[in-house]
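**Student:** Quick check, what structure comes out for this input:
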Amino acid sequence: MTAGVVLGALFALGWLPLFLFRAEGLTEALPSYRGAERFWVTLTPILLALHVSGLCVAVTLLPAIEWYGAVIGLTLFAAAIAFWFWGRVMIGPLRVRRLPDEPPLRLQQHGAFGVVRHPLYLGYLLAAAAPLAVAPRLPFFATFALCCVAIAVRATQEERRLRLQIGPSYDAYCHRVSRLVPFVW
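**Tutor:** Numbering: from 1, shown residues only. This next block holds a predicted model:
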């Protein structure tokens with residue numbers, strides 16, 4: 001078994017817990033969304049899946065793996081999964097899913113939610129970027145850019161919903177904590 005096959009398998013299998021322990025079940029939540037929000041809720045996981053699947057295949061087909069690319073990619077991937085889980089356990093028990101119309105039990109403002117307002121989305125982006133360290137190919141930078149756009153749109157849409165559910169305290173939180181990129185946006 002080549003290093004590329006092992007890395008490709010690790011990058012692919014690492015996504016399983018992120019989908020198994022999602023904060024909301026897509027099938028159950030989809031009726032809560034309308035119009036553009038429903039479109040982006042459907043499109044975002046499709047874009048992520050296509051990007052990651054393509055990259056995993058590309059990694060497995062590499063004739064040689066640069067050791068530093070593998071180390072950077074695996075480190076970023078592990079950090080992404082850990083950050084995602086940090087945010088996810090703060091939302092509630094891993095097996096409990098919520099519907100979009102249900103307001104959060106409480107507004108989390110510390111831990112992962114003190115770093116960015118959408119730690120799960122940041123975890124997705126970092127995990128999607130990790131294989132690029134191993135297989136830095138232009139088409140995959142383009143698909144990653146599409147994933148970034150989709151997640152940015154979803155974060156913005158989700159914030160509209162949270163503003164309605166939580167009110168002024170959410171606005172104050174938004175002024176203190178960046179949306180998706182720590183200290184930037």
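**Student:** which residues of this structure fall in helices?
**Tutor:** Assigned by DSSP state H, the chain shows helices spanning 3-13, 16-20, 26-29, 35-61, 67-91, 112-115, 119-129, 138-166, 168-176.
**Student:** what's the second one packed up against?
**Tutor:** Taking 3 or more Cβ pairs under 8 Å, 6 or more residues apart in numbering; DSSP states H and E as contact, the helices and strands that helix 16-20 lies on are helix 67-91, helix 119-129. C-betas here are computed from N, CA, C, even on glycine.
**Student:** Give the buried residues for it.
**Tutor:** Residues L18 are the ones in helix 16-20 that count as buried (16 or more other Cβ atoms under 10 Å).
**Student:** Run through who's touching it.
**Tutor:** Here helix 16-20 makes contact (Cβ atoms under 8 Å, 6 or more residues apart in numbering) with 81, 84-85, 123-124, 127.
**Student:** Now with 10 Å, please.
**Tutor:** 26, 45, 48-49, 80-81, 84-85, 88, 94-95, 120, 123-124, 127 (Cβ atoms under 10 Å, 6 or more residues apart in numbering).
**Student:** Among those residues, which one sits closest to C174?
**Tutor:** Nearest to C174, judged by Cβ to Cβ, of the contacts of helix 16-20 is L120 at 16.8 Å.
**Student:** Is T42 in contact with Y33, as I believe?
**Tutor:** Yes. If you go by Cβ atoms under 10 Å, T42 and Y33 touch, sitting 8.5 Å apart.
**Student:** among the contacts of helix 16-20, which ones are buried?
**Tutor:** Neighbour counting with 16+ other Cβ under 10 Å marks 45, 48, 80-81, 84-85, 88, 120, 123-124, 127 as buried within the contacts of helix 16-20.
**Student:** Save those residues as TSV, and put in pLDDT and distance to L99 too.
**Tutor:** Formatted as TSV, the buried ones among the contacts of helix 16-20 follow (pLDDT from 0 to 100; distance: Cβ to Cβ, whole Å):
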residue	pLDDT	distance to L99
P45	93	17
L48	96	21
A80	97	26
I81	97	25
W84	96	20
F85	96	22
R88	94	16
L120	96	16
G123	97	21
Y124	97	20
A127	97	25
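**Student:** No further questions, thank you.
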